[in-house]
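Novice: need a structure here:
(chains A and B)
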2 protein chains.
Amino acid sequence: MENKFDRTKHVYRNDEFAELLKDAVRFFHGTPVFGLPPPEPFAGSGVYALYYIGRDGIYKKFGDSINRTEYAVPIYIGKTVPPGWRQSRTASANTGKSKSMFLRLAQHAKSISAAKNLNTADFACRFMILEGVAQSMTPSVEAALISRHNPLWNSVVDGFGNHDPGKGRRAGRISDWDSLHPGRAWTANQTGERPDKKDLKRRITDYLVGLR
Amino acid sequence: MENKFDRTKHVYRNDEFAELLKDAVRFFHGTPVFGLPPPEPFAGSGVYALYYIGRDGIYKKFGDSINRTEYAVPIYIGKTVPPGWRQSRTASANTGKSKSMFLRLAQHAKSISAAKNLNTADFACRFMILEGVAQSMTPSVEAALISRHNPLWNSVVDGFGNHDPGKGRRAGRISDWDSLHPGRAWTANQTGERPDKKDLKRRITDYLVGLR
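Specialist: Coordinates of the predicted model:
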C-alpha cells in the first residue's frame, strides 16, 4: 500500500473516446422510430428512448410543440444488457440471441397500458442495438443520452423503470410514476407513503416550461 | 414513424471502443493502492475499488489467499460523477473541482467503521480519476470492471452503496449488507423484513469457493 498521494498517478485522460461516443449518439438519433412496443420481436440489447407524442394531459406540450415536428426530447431513456453480462468474467458469446431490449420495451408498453391516464398510442420509441465489442459502450451511451436530454421520467418523475419488487418488499413507498399514473397491478399492494402529487405536478410544469 | 422493421438499421458496431476500454481498465489496475479512506482529500470523480485484506471473519479467504500477494479481487466497485452531471445538457466546466470520489470513499470508510464486525484497517482502495472528455467513459469502465471481477458486494451482498433513504422511506427492507454488518445509524429505524442471514452466508461461502 502507498503512503504518499500523487494525484497525477490516478488521472486517466483519453480524447479519442469522446469522438466515439459522439458517433454512437449521432447513430442513435438517426435510428428509425416505431410505436410502442416495436412491431416485431428482435434479438439484442442496447439503448432506447421513449417519446411522448400525445396532445392531452400533463404532457401535452410534448405532442403540441416539443416533439411535433421531430422526435426531439425523449420522456425516458433506458438500456438493457444481455442476461448474465454483469456476472460473466468473459464477453458473453450469446450476446446476439437474447431479446432483452425488445422484452423491456414490451414491458414498458405494458406499464403504460396499465396506467389509467396514459395510452400506448401516444408513445413512440427508438432503439440502438449494441453488438459484439461495442456492447461495452452501452452504459456510457445511456449516460450521455440522459445527460443530454435529461428526460422527465429519468429525472423529475422517479420509478417508471421499477420492476415488481416481489414478496417481502411490498411495504415500499409508491413511486412518483405510480402515484401520477396508477394502474400497474403490482403496486396495488404497496402500502408505504405516497409522494406529494401536487408538488410533483408543479415540478413537471417547471420542467416543461424550461424546454424550448 | 416506421412500419417495417429492419434490424440492421438499429445495429451499431464499433471495434475501436473495446481497445480504449481495455486501456482504461489496464490503467485502473495499475493505480496506487491506499488505505481507506485515502490519506488526503483530492478533487475529481471516477471509478474506484475496495479490497478486503483482513484475515478474520467470513471474508478471511481474501486476506489469506485471494488478495495475499496482489490486489486481485475487489469486494466492491463503484463510480462517482460530478454533481449535476446527469442534469447538465453540456459538459460540466467545474469537473475537476468536486471531491465526489474522495467523499464517497470517506463515506464508505464511515459505513465500514460503523459496522460492528468490520474494521477499516482490513480494507484498501484504488481509484482512477476520469477528467475532461474521458469522464464520459466512467459508466462503461465501471461496468467493465464489475463484469470482470463480479465483486461480492456488487453481486451476492446487496446494499453497501445505499444512502440514508431519508424521512418517509424508513419503513424499507434491511439490505443484505446491513443485515450482515449491522451498525450504520440510519438503518436503526428500518422496520421492514430482513434477508435470511443463513442463506446469505451460504451464498458468500459458495462465491468464495468459486474464486481461484
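Novice: Tell me, how many residues neighbour the spatially closest residue to A:Pro74 that is not a sequence neighbour?
Specialist: Using Cβ to Cβ, 6 or more residues apart in numbering or on different chains and skipping the chain neighbours, the partner closest in space to A:Pro74 is A:Ala49 (3.7 Å). Every C-beta, even on glycine, is put in place using the N, C-alpha and C of the backbone. When neighbours are defined as other Cβ atoms under 10 Å in any protein chain shown, A:Ala49 has 25 of them.
Novice: do the same with A:Pro39
Specialist: Based on other Cβ under 10 Å, the number of other residues close to A:Pro39 is 11.
Novice: that's a helix at it, yeah?
Specialist: No - read with DSSP: H, G, I helix; E, B strand; the rest coil, A:Pro39 is coil and lies in no helix.
Novice: Now do the contacts for the nearest residue to it once chain neighbours are set aside.
Specialist: Distances taken as Cβ to Cβ, 6+ apart place B:Phe5 nearest to A:Pro39, at 5.2 Å, with adjacent residues excluded. Applying Cβ atoms under 8 Å, 6 or more residues apart in numbering or on different chains, we find B:Phe5 in contact with A:Pro32, A:Phe34, A:Pro38, A:Pro39, A:Glu40, A:Phe42.
Novice: Out of these, who's the most crowded?
Specialist: Busiest of those [other Cβ under 10 Å] is A:Pro38, holding 23 neighbours.
Novice: My guess is it contacts A:Phe102. True?
Specialist: Yes - with contacts counted by Cβ atoms under 8 Å, A:Pro38 reaches A:Phe102, the gap being 6.6 Å.
Novice: shared neighbours of the two, anything?
Specialist: With contacts defined as Cβ under 8 Å, 6+ apart, no residue is shared by A:Pro38 and A:Phe102.
Novice: Distance-wise, check the residue nearest to A:Pro39 relative to A:Phe42.
Specialist: Distance, B:Phe5 to A:Phe42, using Cβ to Cβ, to the nearest Å: 7 Å.
Novice: Repeat that for A:Asp23.
Specialist: In terms of Cβ to Cβ, A:Asp23 sits 22 Å off from A:Phe42.
Novice: just A:Phe160 next, same as before
Specialist: The gap separating A:Phe160 from A:Phe42 is 22 Å, by Cβ to Cβ.
Novice: A:Leu200 too?
Specialist: 35 Å.
Novice: again with A:Pro83
Specialist: 16 Å.
Novice: As a check, name the ranges of all strands in chain A.
Specialist: A:11-12, A:33-35, A:46-52, A:76-79, A:123-130 (DSSP state E).
Novice: neighbours around the residue lying closest to A:Lys197 once chain neighbours are set aside, how many?
Specialist: Excluding its sequence neighbours, the residue lying closest to A:Lys197 (Cβ to Cβ, 6+ apart) is A:Ser179, at 5.7 Å. Each residue near A:Ser179 was counted by other Cβ under 10 Å, and the total is 18.
Novice: swap in A:Tyr48?
Specialist: 28.
Novice: so what's the closest residue in space to it that isn't next to it in sequence up against?
Specialist: Spatial nearest neighbour of A:Tyr48, excluding adjacent residues (Cβ to Cβ, 6+ apart): A:Phe127 at 3.8 Å. A:Phe127 is in contact with A:Thr31, A:Pro38, A:Gly46, A:Val47, A:Tyr48, A:Ala49, A:Met101, A:Leu105, B:His10, counting by Cβ under 8 Å, 6+ apart.
Novice: Would you point out the most distant pair within these?
Specialist: A:Pro38 and A:Val47 (14.2 Å; Cβ to Cβ).
Novice: about what we covered before: dump the strands of chain A into TSV; add distance to B:Pro151 as well.
Specialist: Below are the strands of chain A laid out as TSV (distance: least, Cβ to Cβ, whole Å):
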stretch	distance to B:Pro151
strand A:11-12	20
strand A:33-35	38
strand A:46-52	25
strand A:76-79	21
strand A:123-130	24
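Novice: Make CSV out of those strands and add mean pLDDT.
Specialist: Below are the strands of chain A laid out as CSV (pLDDT from 0 to 100):
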stretch, mean pLDDT
strand A:11-12, 94
strand A:33-35, 97
strand A:46-52, 98
strand A:76-79, 98
strand A:123-130, 97
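Novice: To B:Asn117, which of those lies closest?
Specialist: Comparing the strands of chain A by Cβ to Cβ, strand A:11-12 comes nearest, at 34.9 Å.
Novice: Let's see the pLDDT reported for A:Asp56.
Specialist: The model reports A:Asp56 with a pLDDT of 89.
Novice: if I look at it, how far off is A:Arg184?
Specialist: A:Asp56 is 20 Å from A:Arg184, by Cβ to Cβ.
Novice: Neighbour count: those two, which is higher?
Specialist: A:Arg184 (21 against 12).
Novice: if we can go back for a sec, what's the residue nearest to A:Lys197 in contact with, if anything?
Specialist: A:Ser179 neighbours (Cβ under 8 Å, 6+ apart): A:Arg194, A:Pro195, A:Lys197, A:Leu200.
Novice: which sections of chain A are below the confidence cut-off?
Specialist: Low-confidence segments of chain A, defined by pLDDT under 70: A:84-96, A:165-172.
Novice: need the helices for it, in chain order.
Specialist: When secondary structure is read from DSSP state H, chain A shows helices at A:16-29, A:60-61, A:100-114, A:138-149, A:176-180, A:197-209.
Novice: Many thanks, I have nothing further to ask.
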